[in-house]
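Enquirer: quick one, what's the 3D model for this:
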Amino acid sequence: MEELVDLIATDASASDVSDKIKDALMAKAAARIDALRPNVASTVFDGEAPEEEEVSDEQPTEEESE
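Expert: Numbers count the residues shown, from 1 in each chain. Here you go, the predicted structure:
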């Protein structure tokens, strides 16, 4: 954050200040996502997935029906 204040104080270009703000926000968001990811993953994937029966679209041939 000090770097951002320094950019503003030294009258840096608006794009540099904007880029620094975006970088800080992205870093903060990434940290929060990384902190919440284990909780969400355990909630979503905690239960066992039900086993699905294999469905075949093929018609039985004469050899299979005999």
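Enquirer: give me the distance between Val44 and Ala35.
Expert: According to CB to CB, to the nearest Å, Val44 stands 16 Å off from Ala35. In this view, the C-beta of every residue, glycine as well, is placed from N, C-alpha and C.
Enquirer: secondary structure class for the closest residue to Met1 other than its chain neighbours?
Expert: In space, and not counting its chain neighbours, Met1 is closest to Ala24: 7.0 Å by CB to CB, 6 or more residues apart in numbering. At Ala24 the chain is in helix, as set by DSSP: H, G, I helix; E, B strand; the rest coil.
Enquirer: for the helix or strand that Ser15 is a member of, which positions count as buried?
Expert: Element membership for Ser15, per DSSP states H and E: helix 14-45. For helix 14-45, a neighbour-count test (16 or more other CB atoms under 10 Å) marks Lys20 as buried.
Enquirer: just checking, what packs against it?
Expert: helix 2-9 (3 or more CB pairs under 8 Å, 6 or more residues apart in numbering; DSSP states H and E).
Enquirer: what's the pLDDT at Ala12?
Expert: You'll see Ala12 listed with a pLDDT of 89.
Enquirer: quick one: secondary structure of it?
Expert: coil.
Enquirer: number of residues surrounding it?
Expert: 15 (other CB atoms under 10 Å).
Enquirer: how far away is it from Lys20?
Expert: Taking CB to CB as the measure, Ala12 falls 8 Å from Lys20.
Enquirer: check Leu36 too.
Expert: Counting by CB to CB, the separation of Leu36 from Lys20 is 25 Å.
Enquirer: swap in Ile33?
Expert: 21 Å.
Enquirer: what's the answer for Met1, then?
Expert: Distance, Met1 to Lys20, using CB to CB: 9 Å.
Enquirer: ok, now Arg32?
Expert: 19 Å.
Enquirer: now Pro38
Expert: Pro38 sits 30 Å away from Lys20, taking CB to CB as the criterion.
Enquirer: and Glu2, by the same measure?
Expert: Distance, Glu2 to Lys20, by CB to CB: 11 Å.
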